[in-house]
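Next one to model:
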Amino acid sequence: MNMLQVCLLLVSALFGGALNSVAGGGSFFTFPTLLWAGIAPVNANITSTITLWPGSVASAGAYRKDLMMLNKHEIFVLSGTSLIGGIVGAILLLLTSQSTFLRIVPYFLLASTLLFALSGVLTQRLQRLRFEQSLSHLALWRAMLIQLIVAIYGGYFGGAIGIMMLASFGLMGMMNIHQMNALKTLLTSCINGVAVLIFAVTGAVAWSQAVLMVVGAILGGYVGATFVRKIDQRWVKLFVVLVGSGLTVYFFFHH
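This next block holds a predicted model:
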């Protein structure tokens, strides 16, 4: 890596960590920067996942009080489902050729950007849902199926995975927004955690870039928690949507 690449990778990780701490969308910065630095598409996506994973683990710890209020059996079942889906998604990614993945990326970016743009509307609707202490057996099976699909996608690409989970929780009427965010963060940690383990074992990680960016993402998460939160969330989300839209157009016409 030359000095310009080091600086850009570090800055993108700072942005990614900061945005993930307040709004999400960090991969919109880390993934394309890794591509620009010469990392192959699949490996860039893998390295981006590893870069941002520590932040989701830290967030899960912050939600421990909310998690204690949830049904332990449901947490166990959905966590197990997330681990299975994350494994399947990670293996599918490793089996995908670099050229095929690069052709798929624009569609994933488009879907992620649209979901992120609509996240405010989804959140408002979810906040009006009534808290339910537990799911029926049928609802739990439905939740497992939906979570399995989301987890496979998360292990494979992962953009806007948190928004997908919030939407699916809301459709099932599972819980109020605070418990939903807590469960979303835990399940995201499970999905990305098992994917990270598989990626590390198979040697698909660009470790020099990953270590540098993990440091940047952690610092960015701290900055995001202290400074970016002071900015109106609407402006932060608009910025992320504009970046996601620009990247989507770029990848559709240049790859």
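
CA only for contacts and neighbour counts going forward, please
Fine.

what about the helices in the stretch 51-200 of the chain?
For the stretch 51-200 of the chain, helices defined by DSSP state H, counting those that start in this stretch occupy the ranges 64-68, 72-95, 98-117, 119-127, 137-156, 161-171, 177-201.

Let me know the next secondary structure element after the longest one.
Moving toward the C-terminus from helix 177-201, the next helix or strand (DSSP states H and E) is helix 207-226.

Give me the distance from that following helix to the chain's centre.
Using C-alpha atoms, centre = their mean, to the nearest Å, the distance from the centre of helix 207-226 to the centre of the chain it belongs to is 15 Å.

same check, this time on stretch 7-15
17 Å.

Now it: buried residues?
Residues 8, 9, 10, 11, 12, 13, 14, 15 are the ones in stretch 7-15 that count as buried (16 or more other C-alpha atoms under 10 Å).

will you turn those residues into a markdown table that also has distance to residue 163 and pLDDT?
Listed next are those as a markdown table, based on distance: C-alpha to C-alpha, whole Å; pLDDT from 0 to 100:
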| residue | distance to residue 163 | pLDDT |
| --- | --- | --- |
| 8 | 27 | 93 |
| 9 | 26 | 94 |
| 10 | 26 | 93 |
| 11 | 25 | 92 |
| 12 | 22 | 92 |
| 13 | 21 | 91 |
| 14 | 22 | 89 |
| 15 | 19 | 85 |
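
Nearest to residue 1, out of these: which one, please.
residue 9 (9.9 Å; C-alpha to C-alpha).

residue contacts, that closest one?
With contacts defined as C-alpha atoms under 8 Å, 6 or more residues apart in numbering, residue 9 is in contact with 30, 33, 34, 209, 212, 213.

quick one: low-confidence parts of the chain?
Scanning the chain for pLDDT under 70 picks out 22-23, 59-62, 120, 122-136, 171-178, 224-226, 228-229, 233, 255.

Run a quick neighbour tally on residue 139.
14 (other C-alpha atoms under 10 Å).

cool, residue 253 as well?
If we define neighbours as other C-alpha under 10 Å, then residue 253 has 8 of them.

same deal with residue 49?
Neighbours of residue 49 under the rule other C-alpha under 10 Å: 28.

again with residue 254
6.

Next one: it from residue 106, what distance?
With distances taken as C-alpha to C-alpha, to the nearest Å, residue 254 is found 10 Å from residue 106.

same deal with residue 32?
Residue 32 is 11 Å from residue 106, by C-alpha to C-alpha.

tell me the contacts of residue 223?
residue 18.

gap between it and residue 208?
23 Å.

Likewise for residue 18?
Counting by C-alpha to C-alpha, the gap from residue 18 to residue 208 is 21 Å.

Give the residue from these two that has the larger number of neighbours.
Under the criterion of other C-alpha under 10 Å, the comparison of residue 18 against residue 208 puts residue 18 first, with 29 against 11.

hmm, back to that, and the contacts of residue 9, which is closest to residue 142?
Distances from residue 142 to the contacts of residue 9, taken by C-alpha to C-alpha, are shortest for residue 30, at 33.4 Å.
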